[in-house]
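1. sequence and predicted structure are below.
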Amino acid sequence: MDKPLTIIGSYVSPYVRKVLACMNLKGLDYEVDPITPFFGNDEFRRLSPLCRIPVLIDGSFSVSDSSVICAYLDEAYPGRALFPANAKDGARARWLEEFADTRLGDLFIWNLFYQKVVHPLVWGEPGDQARIDKALNEDIPAALDYLEGELPADGFLFGEIGVADISIASFFRNGSYAGFNVDAARWPRTAAFVERTLAHPCIAALLPLEDVQRNADIKGRRQALLDAGALLTAETLGVREPRKGMMRL
């Protein structure tokens, strides 16, 4: 029996969430090594020279960066496509993925989630309130104005959910962890798009494991996830095909 794919990374990372949701879409069998943010060892640094997550291990092959991983999975494993077949749609999907990973990443992760959630948790002191205020009052509204003109009124960007949809919506889950939710009166398309994308089984199935990681003490999270993985099954996660729930230390 072939060894399942392994993803190294934190469940609450939007980049890890993107990769796992795409693996769920493709029906791939995988394990997760739930590395705790800001902790790592020499082996992790060898696999990810920039010390970033996620990392994919496929047999003797490994690669990091969520966009590279998703492109590899789409090329290496047949079945459900993650990107549109049309060249122009494919280019637009990659652009929206890049916009999410860079601009939304800066705003929702480094300027909001990190400042309001991670910094106090890890360092025991408040984050940069000026940075939070600028993100909430200026930069995030500008990004939402852009998305409001790009996102569909219903359904998904290219007919069925794919990398671009998942990439965009993933950051809004971290935003909600920091107390931010899209104003549906001001940005109705974006609010509805985020809601239905996060509700799709490929992403919604990951929420129980995110809750475990968010609610556990930071130094005890690996054991908590291991315990949760032993109990959560494909049925309780609400996915159509069996998935590996066990965590590997």
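-> Received, thanks. Just so it is clear, the model here is predicted, and its values are computed rather than measured. Numbers count the residues shown, from 1 in each chain.

2. can you tell me the closest non-neighbouring residue to Pro84?
-> Nearest non-adjacent residue to Pro84, counting by C-beta to C-beta, 6 or more residues apart in numbering: Phe158, 4.4 Å away. C-beta here means a position set from N, CA and C on the backbone, and glycine is covered the same way.

3. got the domain ranges for the chain?
-> Domain segmentation of the chain under automatic domain parsing yields 5-81+208-237, 87-202.

4. for the chain, give me the ranges with low pLDDT.
-> Within the chain, the segments meeting pLDDT under 70 span 1, 35-51, 216-249.

5. following element in sequence after the helix ranked longest in it, please.
-> As far as residue count goes, and with DSSP state H defining each element, the longest helix of the chain is helix 163-177. Next along the chain after helix 163-177, taking DSSP states H and E as the criterion, comes helix 188-199.

6. which positions in the helix or strand following that following helix come out as buried?
-> Toward the C-terminal end, the helix or strand that comes next after helix 188-199 (DSSP H and E) is helix 201-204. Of the residues in helix 201-204, those scored as buried under the neighbour-count criterion (16 or more other C-beta atoms under 10 Å) are 202-204.

7. just the buried residues of the following helix or strand past helix 201-204, please?
-> Towards the C-terminus, the helix or strand next in line after helix 201-204, according to DSSP H and E, is helix 207-215. For helix 207-215, a neighbour-count test (16+ other C-beta under 10 Å) marks 207-210, 212-213 as buried.

8. from the contact counts, what lies against helix 207-215?
-> Counting contacts by 3 or more C-beta pairs under 8 Å, 6 or more residues apart in numbering; DSSP states H and E, helix 207-215 is packed against helix 221-231.

9. and the strands in this structure?
-> Here the chain has its strands, by DSSP state E, at 5-8, 30-33, 55-58, 61-64.

10. what helices and strands are in contact with the third one?
-> Under the contact criterion of 3+ C-beta pairs under 8 Å, 6+ apart, strand 55-58 touches strand 5-8, helix 42-47, strand 61-64, helix 66-76.

11. quick one, what contacts the residue nearest to Ile109 when sequence neighbours are not counted?
-> Nearest-residue entry for Ile109: Asn174, 6.1 Å, with adjacent residues in sequence omitted and distances by C-beta to C-beta, 6+ apart. Listed by C-beta atoms under 8 Å, 6 or more residues apart in numbering, the contact set of Asn174 reads 12, 14, 108-109, 112-113.

12. using ChimeraX, define a selection of the buried residues within the residues you listed.
-> Selecting only the buried members of the contacts of Asn174 in ChimeraX, with burial defined as 16+ other C-beta under 10 Å, works like this:
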select :12,14,108,109,112,113
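
13. tabulate the contacts of Asn174 in JSON lines, adding columns for distance to Cys22.
-> Written out in JSON lines, the entries for the contacts of Asn174 read as follows (distance: C-beta to C-beta, whole Å):
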{"residue": "Val12", "distance to Cys22": "17"}
{"residue": "Pro14", "distance to Cys22": "13"}
{"residue": "Phe108", "distance to Cys22": "19"}
{"residue": "Ile109", "distance to Cys22": "19"}
{"residue": "Leu112", "distance to Cys22": "24"}
{"residue": "Phe113", "distance to Cys22": "21"}
